[in-house]
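Colleague: Turn this into a model:
(one chain, ligands or ions: 1)
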Amino acid sequence: MIKLQQSHPYRKPRIRYRGKRPLILVSRCLNFQNCRYDGSLIDSPPAEILKKWLAYRTLCPESDIGLPSPRPQLKLVKTFRQGWQIRQPDGYNLYRRLRKKAREYLREYNSIQGLILKEKSPSCGISGCKFYYPGKGSPAGRTAGVLPRETDKLMPQATLISAEELNNPEKLYYFLVRIYTRQRWNKLKNDFSPAVLQEFQARHKLLFLGFNRELVDEMGRIIAAQKRYNQSQLIASYEGLLDNLLQQQLTRGRWINVLLHGFGHLSDYLDYGEKEEFQRLIDAFQEGQTGYLQLHSWLESQSRKKDVSYLINQKFLAPYPLEINQDLAAITLLPDPF
Ligand code: SF4
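Modeller: Model (predicted):
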């Protein structure tokens, strides 16, 4: 058994986070510290860029329970009698200690919107961690490590992404949309009033319609019948639908409907040539010949030119700060759900 160190770098936060940026927990070995089993650090350019936009708190379950770096590699083992184990090479099981540490993080940072984790680790891996049956040398399959398991149980609304998935335009888009939408929602909950909820729903209407029309209708019904609920019932009912909605995927067809809906608020102010231009862009988008951002920037600039405040305020054109896209362009990465 590797002797655990007495002191370790993890400290409890003294104050509750109330900042404007989404609060994210991130594996410390991603650009922060050489805390991996082999003493190395993983370079993740997208995580590095996002540092500017997100409020990061780092974690390393293995070093935070006192394991040194470098250290022998841990192994996730599935036993039939005792369930999951995380074993050191001599067979000593660290699962309970790591699970306790994972629960501590989630309790202390219970206002996080998401986690960026190192894949394949028995502590941090989201789904790609190899597991073994006792006494077997080759892996039996892949599964989640202890921290994502606990997150799923204690904080299912948090959005998880691995460092590898940050390089995937589609997964990155959903991650950003979910954490920023949750951040706005959490802010609203801290300062709740029925009027603010109505405004939240109105500003997100077109974005939410792209995810799921039935859920948007149901959210609308809850808001319309809000006198029947007390405040905590109202928040819980709406939040349940919001969580469900944010798990859905956008489709090109539904997004075209959203764009046409947005265009409907603008078309009275446009001349024939401008309407034709929009139709050309929609056709090109439908055929996959142009990206969604070209349509968004066209709608956005026309809305500002014609001063159509309804569209300017809609979150579907900028569900997260679009300057993030400019920063990510430096590594030729563009969040894109299509
Ligand atoms: S994967 Fe997790 S436990 Fe392993 S070194 Fe990175 S932060 Fe620490």
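Colleague: Show me the strands in the stretch 51-200 of the chain, by range?
Modeller: For the stretch 51-200 of the chain, the strands defined by DSSP state E, counting those that start in this stretch occupy 55-59, 75-79, 83-87, 114-117, 129-132, 141-143, 159-162.
Colleague: who's in contact with the first one?
Modeller: Residues lying outside strand 55-59 but in contact with it, judged by C-beta atoms under 8 Å, 6 or more residues apart in numbering, are 10, 13, 17, 19, 21-28, 32-33, 105, 109, 112, 147. Glycine gets a C-beta too; all of them are placed from N, C-alpha and C.
Colleague: could you flag which of the residues you listed are buried?
Modeller: 10, 21-28, 32, 105, 109, 112, 147 (16 or more other C-beta atoms under 10 Å).
Colleague: So which of those belong to helices?
Modeller: Secondary structure of those is defined by DSSP state H; positions in helices are 105, 147.
Colleague: pLDDT and distance to the ligand for the buried ones among the contacts of strand 55-59 - can I get that in CSV?
Modeller: CSV is the format used below for the buried ones among the contacts of strand 55-59 (pLDDT from 0 to 100; distance: C-beta to the nearest ligand atom, whole Å):
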residue, pLDDT, distance to the ligand
Tyr10, 44, 11
Arg21, 94, 21
Pro22, 97, 20
Leu23, 97, 17
Ile24, 97, 14
Leu25, 98, 10
Val26, 98, 8
Ser27, 98, 4
Arg28, 98, 5
Phe32, 95, 9
Tyr105, 97, 11
Tyr109, 95, 15
Ile112, 96, 15
Leu147, 98, 7
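Colleague: Run a quick neighbour tally on Leu317.
Modeller: One way to gauge burial is a neighbour count; for Leu317, by other C-beta atoms under 10 Å, it gives 20.
Colleague: how about it, what does it touch?
Modeller: Going by C-beta under 8 Å, 6+ apart, Leu317 touches 262, 296, 299-300, 303, 311.
Colleague: what's the average pLDDT for stretch 246-254?
Modeller: The average pLDDT within stretch 246-254 is 96.
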